[in-house]
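**Q** got a sequence here, can you build the structure:
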Amino acid sequence: MAKHIGIVACSAEGAALCYQTICRESAEHLGEHFHPEVSMHTFSLGEYMIPIRKGDWQQVARMMSASATKLSQTGAELLICPDNTIHEAFAFLVLSHSYQWLHIAEVVATSARESGYSKLGILGTKFLMEGPVYPDILAKFEITHIIPEENVRKTINKKIFSELVKGIFTESTRLYFNEVIDDLRQQGCDAVVLGCTEIPLIVDPEDCPLPVLDSTRLLARAAIRHSLE
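**A** So this is what the prediction gives:
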(Lines give C-alpha, C1' and ligand atoms only; values in the text may rest on other atoms or scores of the structure.)
Protein backbone atom coordinates (compact mmCIF):
# COMPACT_ATOMS: atom_id res chain seq x y z
CA MET A 1 0.00 0.00 0.00
CA ALA A 2 1.15 3.54 -0.74
CA LYS A 3 2.11 5.70 2.21
CA HIS A 4 -0.40 8.36 3.21
CA ILE A 5 1.05 11.76 2.17
CA GLY A 6 0.54 14.77 4.44
CA ILE A 7 0.96 18.28 3.03
CA VAL A 8 2.05 20.95 5.53
CA ALA A 9 0.80 23.87 3.47
CA CYS A 10 1.44 27.60 3.74
CA SER A 11 0.27 29.51 0.66
CA ALA A 12 -2.75 28.28 -1.27
CA GLU A 13 -1.63 28.46 -4.91
CA GLY A 14 1.60 26.52 -4.39
CA ALA A 15 -0.03 23.96 -2.12
CA ALA A 16 -2.80 23.42 -4.66
CA LEU A 17 -0.28 22.86 -7.45
CA CYS A 18 1.58 20.33 -5.30
CA TYR A 19 -1.65 18.48 -4.47
CA GLN A 20 -2.80 18.46 -8.10
CA THR A 21 0.58 17.14 -9.26
CA ILE A 22 0.46 14.26 -6.78
CA CYS A 23 -3.07 13.32 -7.81
CA ARG A 24 -2.50 13.64 -11.55
CA GLU A 25 0.94 12.05 -11.88
CA SER A 26 0.33 9.12 -9.53
CA ALA A 27 -1.89 7.55 -12.18
CA GLU A 28 1.21 6.66 -14.19
CA HIS A 29 2.26 4.36 -11.36
CA LEU A 30 -1.06 3.25 -9.85
CA GLY A 31 -3.51 3.32 -12.71
CA GLU A 32 -6.12 5.75 -14.00
CA HIS A 33 -7.69 7.96 -11.29
CA PHE A 34 -5.58 6.37 -8.52
CA HIS A 35 -3.21 8.21 -6.17
CA PRO A 36 -1.94 7.77 -2.60
CA GLU A 37 -4.13 9.00 0.21
CA VAL A 38 -3.44 12.71 0.69
CA SER A 39 -4.27 15.04 3.57
CA MET A 40 -3.48 18.74 3.91
CA HIS A 41 -3.39 21.18 6.80
CA THR A 42 -2.43 24.83 6.85
CA PHE A 43 -2.61 27.84 9.06
CA SER A 44 -3.41 31.00 7.09
CA LEU A 45 -0.59 32.67 5.20
CA GLY A 46 -1.31 35.78 7.26
CA GLU A 47 -0.56 33.89 10.47
CA TYR A 48 2.71 32.64 9.00
CA MET A 49 3.76 36.09 7.79
CA ILE A 50 3.76 37.57 11.31
CA PRO A 51 6.71 35.50 12.57
CA ILE A 52 8.36 35.37 9.13
CA ARG A 53 8.61 39.16 8.99
CA LYS A 54 10.07 39.15 12.51
CA GLY A 55 12.57 36.42 11.63
CA ASP A 56 11.03 34.26 14.36
CA TRP A 57 11.72 30.89 12.75
CA GLN A 58 11.12 29.01 16.00
CA GLN A 59 7.50 30.17 15.92
CA VAL A 60 7.25 29.16 12.26
CA ALA A 61 8.58 25.74 13.27
CA ARG A 62 5.95 25.46 16.02
CA MET A 63 3.23 26.12 13.44
CA MET A 64 4.69 23.56 11.04
CA SER A 65 4.97 21.04 13.88
CA ALA A 66 1.33 21.66 14.81
CA SER A 67 0.29 20.96 11.23
CA ALA A 68 2.46 17.85 11.18
CA THR A 69 0.84 16.58 14.37
CA LYS A 70 -2.66 17.09 12.97
CA LEU A 71 -1.68 15.29 9.78
CA SER A 72 -0.06 12.44 11.68
CA GLN A 73 -3.29 12.03 13.64
CA THR A 74 -5.14 11.55 10.34
CA GLY A 75 -2.74 8.75 9.44
CA ALA A 76 -0.16 10.60 7.31
CA GLU A 77 3.18 8.80 7.23
CA LEU A 78 5.12 10.93 4.74
CA LEU A 79 5.15 14.73 5.15
CA ILE A 80 6.05 17.44 2.68
CA CYS A 81 5.90 21.22 2.80
CA PRO A 82 5.39 22.91 -0.58
CA ASP A 83 6.76 26.23 0.64
CA ASN A 84 10.45 26.99 0.23
CA THR A 85 10.60 30.02 2.54
CA ILE A 86 9.42 28.33 5.72
CA HIS A 87 12.01 25.60 5.32
CA GLU A 88 14.30 28.04 7.13
CA ALA A 89 12.45 26.81 10.23
CA PHE A 90 13.23 23.18 9.44
CA ALA A 91 16.15 23.03 11.88
CA PHE A 92 13.79 23.94 14.73
CA LEU A 93 11.15 21.31 13.93
CA VAL A 94 10.45 18.69 16.54
CA LEU A 95 10.48 15.66 14.26
CA SER A 96 8.47 12.61 15.26
CA HIS A 97 9.80 9.19 14.34
CA SER A 98 6.29 8.15 13.32
CA TYR A 99 6.56 9.89 9.94
CA GLN A 100 9.09 10.84 7.29
CA TRP A 101 9.81 14.38 6.06
CA LEU A 102 11.09 15.32 2.63
CA HIS A 103 13.08 18.57 2.48
CA ILE A 104 12.23 20.59 -0.63
CA ALA A 105 15.76 21.95 -1.16
CA GLU A 106 17.26 18.47 -0.89
CA VAL A 107 14.82 17.24 -3.53
CA VAL A 108 15.78 20.13 -5.83
CA ALA A 109 19.51 19.68 -5.21
CA THR A 110 19.26 15.96 -5.96
CA SER A 111 17.51 16.72 -9.25
CA ALA A 112 20.14 19.33 -10.12
CA ARG A 113 22.98 16.90 -9.50
CA GLU A 114 21.28 14.16 -11.53
CA SER A 115 20.91 16.63 -14.42
CA GLY A 116 24.54 17.71 -14.19
CA TYR A 117 23.89 21.34 -13.22
CA SER A 118 26.71 23.06 -11.35
CA LYS A 119 25.62 26.69 -10.91
CA LEU A 120 22.04 27.59 -10.06
CA GLY A 121 20.16 30.85 -9.97
CA ILE A 122 17.79 31.02 -7.00
CA LEU A 123 14.43 32.82 -7.25
CA GLY A 124 11.85 33.13 -4.49
CA THR A 125 10.75 35.46 -1.74
CA LYS A 126 13.38 37.81 -0.37
CA PHE A 127 13.42 35.67 2.78
CA LEU A 128 14.29 32.62 0.68
CA MET A 129 16.78 34.30 -1.64
CA GLU A 130 18.64 35.96 1.24
CA GLY A 131 18.30 33.03 3.65
CA PRO A 132 20.23 29.81 4.25
CA VAL A 133 17.81 27.19 2.90
CA TYR A 134 19.40 26.64 -0.50
CA PRO A 135 23.00 27.71 0.25
CA ASP A 136 23.29 25.16 3.06
CA ILE A 137 21.85 22.29 1.02
CA LEU A 138 23.60 23.11 -2.26
CA ALA A 139 26.96 23.29 -0.50
CA LYS A 140 26.52 19.65 0.52
CA PHE A 141 26.00 18.77 -3.14
CA GLU A 142 28.98 20.91 -4.22
CA ILE A 143 26.70 23.09 -6.35
CA THR A 144 27.26 26.86 -6.50
CA HIS A 145 24.51 29.45 -6.76
CA ILE A 146 23.78 33.14 -7.18
CA ILE A 147 20.79 35.34 -6.42
CA PRO A 148 19.58 38.52 -8.19
CA GLU A 149 20.76 41.93 -7.01
CA GLU A 150 18.89 43.67 -4.21
CA ASN A 151 16.48 45.82 -6.24
CA VAL A 152 15.48 42.79 -8.30
CA ARG A 153 14.94 40.73 -5.14
CA LYS A 154 12.62 43.44 -3.82
CA THR A 155 10.63 43.50 -7.06
CA ILE A 156 10.31 39.72 -7.15
CA ASN A 157 9.20 39.66 -3.52
CA LYS A 158 6.54 42.30 -4.22
CA LYS A 159 5.24 40.41 -7.23
CA ILE A 160 5.03 37.18 -5.23
CA PHE A 161 3.02 38.66 -2.37
CA SER A 162 0.89 41.15 -4.31
CA GLU A 163 0.18 38.90 -7.30
CA LEU A 164 1.23 35.26 -7.35
CA VAL A 165 -0.02 34.09 -3.94
CA LYS A 166 -3.34 35.73 -4.81
CA GLY A 167 -3.61 33.81 -8.08
CA ILE A 168 -2.83 36.86 -10.24
CA PHE A 169 -0.64 35.97 -13.23
CA THR A 170 0.07 38.72 -15.75
CA GLU A 171 2.06 38.69 -18.97
CA SER A 172 4.21 41.60 -17.78
CA THR A 173 5.25 39.65 -14.70
CA ARG A 174 5.98 36.55 -16.76
CA LEU A 175 8.24 38.58 -19.03
CA TYR A 176 9.93 40.17 -16.02
CA PHE A 177 10.83 36.75 -14.62
CA ASN A 178 12.24 35.76 -18.00
CA GLU A 179 14.41 38.90 -18.03
CA VAL A 180 15.72 38.11 -14.55
CA ILE A 181 16.42 34.51 -15.53
CA ASP A 182 18.23 35.61 -18.69
CA ASP A 183 20.46 37.83 -16.55
CA LEU A 184 21.26 34.80 -14.38
CA ARG A 185 22.12 32.91 -17.55
CA GLN A 186 24.53 35.66 -18.57
CA GLN A 187 26.18 35.34 -15.15
CA GLY A 188 26.97 31.71 -15.83
CA CYS A 189 24.02 29.82 -14.35
CA ASP A 190 23.10 26.60 -16.12
CA ALA A 191 19.66 26.26 -14.48
CA VAL A 192 17.28 28.25 -12.29
CA VAL A 193 15.49 27.15 -9.14
CA LEU A 194 11.86 28.28 -9.04
CA GLY A 195 12.11 28.52 -5.26
CA CYS A 196 8.72 30.01 -4.60
CA THR A 197 6.03 27.40 -5.14
CA GLU A 198 3.89 29.88 -7.09
CA ILE A 199 6.59 30.85 -9.63
CA PRO A 200 6.07 27.64 -11.68
CA LEU A 201 2.54 28.87 -12.34
CA ILE A 202 3.88 31.82 -14.34
CA VAL A 203 7.26 30.73 -15.73
CA ASP A 204 6.89 28.58 -18.86
CA PRO A 205 9.81 26.10 -19.21
CA GLU A 206 9.35 26.17 -22.99
CA ASP A 207 9.89 29.93 -23.05
CA CYS A 208 12.44 30.24 -20.25
CA PRO A 209 16.07 31.29 -20.93
CA LEU A 210 17.35 28.53 -18.60
CA PRO A 211 16.31 25.00 -17.70
CA VAL A 212 14.03 25.19 -14.66
CA LEU A 213 14.08 23.27 -11.41
CA ASP A 214 10.40 23.46 -10.47
CA SER A 215 10.52 22.99 -6.69
CA THR A 216 6.77 22.41 -6.39
CA ARG A 217 6.44 19.64 -8.93
CA LEU A 218 9.80 18.08 -8.03
CA LEU A 219 8.65 17.80 -4.41
CA ALA A 220 5.30 16.31 -5.45
CA ARG A 221 7.03 13.72 -7.66
CA ALA A 222 9.47 12.84 -4.89
CA ALA A 223 6.52 12.36 -2.55
CA ILE A 224 4.93 9.96 -5.02
CA ARG A 225 8.13 7.93 -5.32
CA HIS A 226 8.68 7.74 -1.56
CA SER A 227 5.02 6.93 -0.96
CA LEU A 228 5.28 3.92 -3.25
CA GLU A 229 8.57 2.58 -1.87
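
**Q** from Gln20, how far off is Tyr134?
**A** Here the distance between Tyr134 and Gln20 works out to 24 Å (C-beta to C-beta, to the nearest Å). Bear in mind the C-beta positions are built from the backbone N, C-alpha and C, glycine included.

**Q** which one's more surrounded, these two?
**A** Counting neighbours by other C-beta atoms under 10 Å for Tyr134 and for Gln20 shows that Tyr134 has the greater number, 25 against 13.

**Q** residues touching the more buried one, list them.
**A** Contacts of Tyr134 were listed using C-beta atoms under 8 Å, 6 or more residues apart in numbering, and they are Asn84, Ala105, Val108, Ala109, Leu120, Ile122, Leu128, His145, Val193, Gly195.

**Q** do that again at 6 Å, thanks
**A** By C-beta atoms under 6 Å, 6 or more residues apart in numbering, the contact set of Tyr134 is Ala105, Ile122.

**Q** now it. Its backbone dihedrals?
**A** Summarising the backbone geometry of Tyr134 under the convention degrees, to the nearest 10, its torsions are phi -80, psi -40.

**Q** pLDDT score for it?
**A** At Tyr134, the predicted lDDT confidence score is 97.

**Q** can you check Met1 too?
**A** According to the model's per-residue confidence, Met1 sits at a pLDDT of 83.

**Q** can you map out the strands along the chain?
**A** The residue ranges that make up the strands of the chain, judged by DSSP state E, are 5-8, 38-41, 78-80, 100-101, 119-123, 144-146, 191-194, 212-214.

**Q** output the ones you listed as a markdown table; include the columns mean pLDDT and mean neighbour count.
**A** Output for the strands of the chain, formatted as a markdown table (pLDDT from 0 to 100; neighbours: other C-beta atoms under 10 Å):
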| stretch | mean pLDDT | mean neighbour count |
| --- | --- | --- |
| strand 5-8 | 97 | 27 |
| strand 38-41 | 97 | 18 |
| strand 78-80 | 96 | 25 |
| strand 100-101 | 90 | 18 |
| strand 119-123 | 98 | 25 |
| strand 144-146 | 97 | 16 |
| strand 191-194 | 98 | 28 |
| strand 212-214 | 98 | 23 |
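
**Q** now for those strands, which one comes closest to Lys158?
**A** When the strands of the chain are ranked by distance to Lys158, counting by C-beta to C-beta, first place goes to strand 119-123 at 13.4 Å.
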